[in-house]
Structure formats: C-alpha cells, structure tokens
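> show me the folded form of this:
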Amino acid sequence: HAILRHLSLRTPKIRVRVVGTNGKGSTAWFLAAALRATGLKVGLYTSPHILRFHERIRIQGREVPDRLLRLAAARVRPYAERYRASWFEAATAIALVCFSKARVDVEILEAGVGGRLDATTAVPADMCLITPIALDHQDWLGESLSAIAREKAYAMRGCAVCLSAPQEPSVRRVLRAFAHGLAFARRWRGPLAARGAFQRINAGLAWAAVERLRALGRIPDRPAAAHRAIARTRVPGRCMRIFYKGAELWLDPAHNAHAARALAKALASAAPLDAAFVYTRADRDPAPIAEVLRRIARRVETSRNPEHAPPRVQAYLGRNPGAKILVCGSFRTVAAMLAAVEDDEGVARR
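Residues are numbered from 1 along each chain as shown. Below is the predicted model of the structure:
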C-alpha cells in the first residue's frame, strides 16, 4: 500500500483477482483470452515465469515490451527500496504501472501465495475468482484445508462478484461464511485445447466470470467469440508434451498431491510411463507427489533440486532411447528442462 500511494495508478474498467491453490494461472489465461475476444484491452499478471520475467506481465496476450518494463521498474524501484518491499511486492507494483501506462480496460491479477496478505490484494478489485484449494504452503497458510481457505477467502473483500471452482465441503463452508453471495462454477463443456480434465474446472470458472460480467453489462456482448477463445487457449508449461531425441517428454509444474492426482488422471491415456522425475524446490516434499505418480509410471525418481532434472533426464534417455517420461515438481523444473532442450535439434511441442 505504501508503494502504491506514490504511483498515481489509473483505475481500469474491471479488475479481477484470481486466488487458490491449483489452476490460478490457467484460469487467468482463459479469462484473459475470453475478454480480449470481446474487444477489451487486457492486462494479465501471473507467476511464476518459466524462462524470463517478461512472461509475468502480458498486454493483449503479448509479453510486456522491454521499454515499458524498464520504465515501470525505474518508477517503482525508489519506493520499493524505501519501504523494503519484497520481491513479489515490487514485481506486482511494476505490473500495475505497466497496465496503467498501457491504459488497459481489464487487469487480471493472479495471487502469489494466500490472499489475506498477498500483494495483489493491495488494490481494489471488482471480481474475485477462487480456484481449487488444497493443502500447500502449510508453513505460511495453516495445516488444515479450512485454515488455508480462510487465508485465501480474504481476497474476496471488497469484490462485488465472487465465484469459485468446485471445492471440498470444508472449504465451501469457509468461503460461504466470508461471502454469502458466492457462486460456484460448473465444469467446462465442449472442446478444449488445454489438456487434462482439471483444465475443464479452470475453463469453467473463467466462463462463469465471462457470463457474470456479460449479465452485468460490464463487457461487450460477444459470448460466441469469448467461448471460442477459451476453447482454443493453451497455457504454457502445463501438461506440455515435447518430442526430444526420439523420446516423449511430458512437462508440468505439479507441486503438490492435489495437482499430481489431476495430472495422473490427465496422463492416464499415455500410461504406463517409463519414468517420472519429481524435482521439487528445496522447501517441498516430493514424496506425496511420487506416491501418486507411481500409479502411472514404472519408475519414479525424486529430488529437491530442480536444476538437477536436465542432466538426470538426459542420462536416463541415453540409457533408454525412445522412453516416455514425465518431469514435474515446480515451475523451476519445467524451466530447467525447457532451457536444456530449447536449442537442441529434434525438439517438437504438441
């Protein structure tokens, strides 16, 4: 709040918060695509990035230009240093400056962790979308689903419209206590380019947001265009298939058991996989993820260092050419693998 007081930000026509445990980025991507298709100028802020910071801030579907990013960073830096802002707080302020200067109609802000103290809730919003809530970041958010739900529910404060994906009963009770007018979205029906049944939950939430905004007269009345945009959207780094040196690699940032179960279901048709490499960050336990993935993979290897994934995977492929494997555990893991194979010949994505 202290930083934002100095920035004289322009208020967009619509600002949307997206919070939850899994599916925040995908939901934000679906909604951004849909609203762009209606003719609105949309700013999208997501995290983390995969290969470079620019991915976090998109205007009309494109990464923020260097010049605008540098200008915004220069504007924010003195205040970030004065108030000793965290890295994410500074990044969020930079995104808001970029959107303000680009004069977007809509800002879609994906929360980092939690909701009550998240930097994305420092600016008022019109709508809050809550994706599936699961056990994650317990050290910060609490040991139970109810405790985590309470932290995330705070993001609904001040929002005229609050929508949620389907939730566990204990989570539903907490969310409804915070917002009596909360509505729950249905799964997406019809074709969807994004892989995995879990993406139907995220797409359904985004579509519910479009329908509510349309009913309120807040967006142009172009439902067919919005629907097509969601159906065609693919989200970078999620359930991504790469053909690399004769092998079939699946990449996904799944970093908790809830996400792993959704991923296992999405890859059921590709099972059994020859191997799954679960490389999480140092502060996470890969064991619950590995336990889930043993249902679809003959071998599961774990580590708490994403940077170790590329050499281990490449060594495995050297011994097992043509293998079918999954690499997951964090966005850093996906980034490390993509960086390792990006310039190699024979790489194809589908």
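> how about the strands in the stretch 151-300 of the chain?
161-164, 183-184, 240-244, 247-252, 275-279, 300-303 (DSSP state E, counting those that start in this stretch).
> and the helix or strand that residue 25 is a member of, what other elements does it pack with?
Assigned by DSSP states H and E, residue 25 belongs to helix 24-37. Secondary-structure packing of helix 24-37 (3 or more C-beta pairs under 8 Å, 6 or more residues apart in numbering; DSSP states H and E): strand 14-19, strand 42-45, strand 106-110, helix 198-215, helix 223-232. (Glycine included, C-beta is placed from N, CA and C.)
> related to what we said a few turns ago, indicate which one of the strands of the stretch 151-300 of the chain is closest to residue 205.
strand 161-164 (6.3 Å; C-beta to C-beta).
> returning to what we had before: worst average pLDDT in the strands of the stretch 151-300 of the chain?
In terms of average pLDDT, strand 240-244 trails the rest of the strands of the stretch 151-300 of the chain, at a mean of 91.
> and that strand, which strands flank it?
strand 247-252 (antiparallel), strand 347-349 (antiparallel) (DSSP bridges).
> distance-wise, check the closest residue to residue 26 other than its chain neighbours relative to residue 230.
Spatially, and ignoring its direct neighbours in sequence, residue 26 is nearest to residue 202 (4.2 Å; C-beta to C-beta, 6 or more residues apart in numbering). When distance is defined by C-beta to C-beta, to the nearest Å, residue 202 is 10 Å away from residue 230.
> now for those two: what residues contact both?
residue 30 (C-beta atoms under 8 Å, 6 or more residues apart in numbering).
> quick one: which of the two has more around it?
residue 202 (34 against 24; other C-beta atoms under 10 Å).
> residues in contact with the more buried one?
Counting by C-beta under 8 Å, 6+ apart, residue 202 has contacts 23, 26-27, 30, 131, 165, 194.
> and residue 204, what is it in contact with?
Neighbour list for residue 204: 165, 185-189 [criterion: C-beta under 8 Å, 6+ apart].
> buried only: go through those residues for me.
By neighbour count, with 16 or more other C-beta atoms under 10 Å, the contacts of residue 204 hold 165, 185, 187-188 as buried.
> one step back: out of the strands of the stretch 151-300 of the chain, deepest packed?
The highest mean neighbour count among the strands of the stretch 151-300 of the chain, using mean count of other C-beta atoms under 10 Å, belongs to strand 275-279: a mean of 26.
> tabulate the CA atom coordinates of that strand in PDB.
What follows is strand 275-279, C-alpha atoms only, in PDB (Å, rounded to 0.1, in the frame of the first residue of the first chain):
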ATOM      1  CA  ALA A 275       9.600 -43.000 -15.700                       C
ATOM      2  CA  ALA A 276       8.500 -39.900 -13.700                       C
ATOM      3  CA  PHE A 277      11.100 -37.400 -12.400                       C
ATOM      4  CA  VAL A 278       9.700 -35.400  -9.500                       C
ATOM      5  CA  TYR A 279      12.100 -32.500  -8.800                       C
END
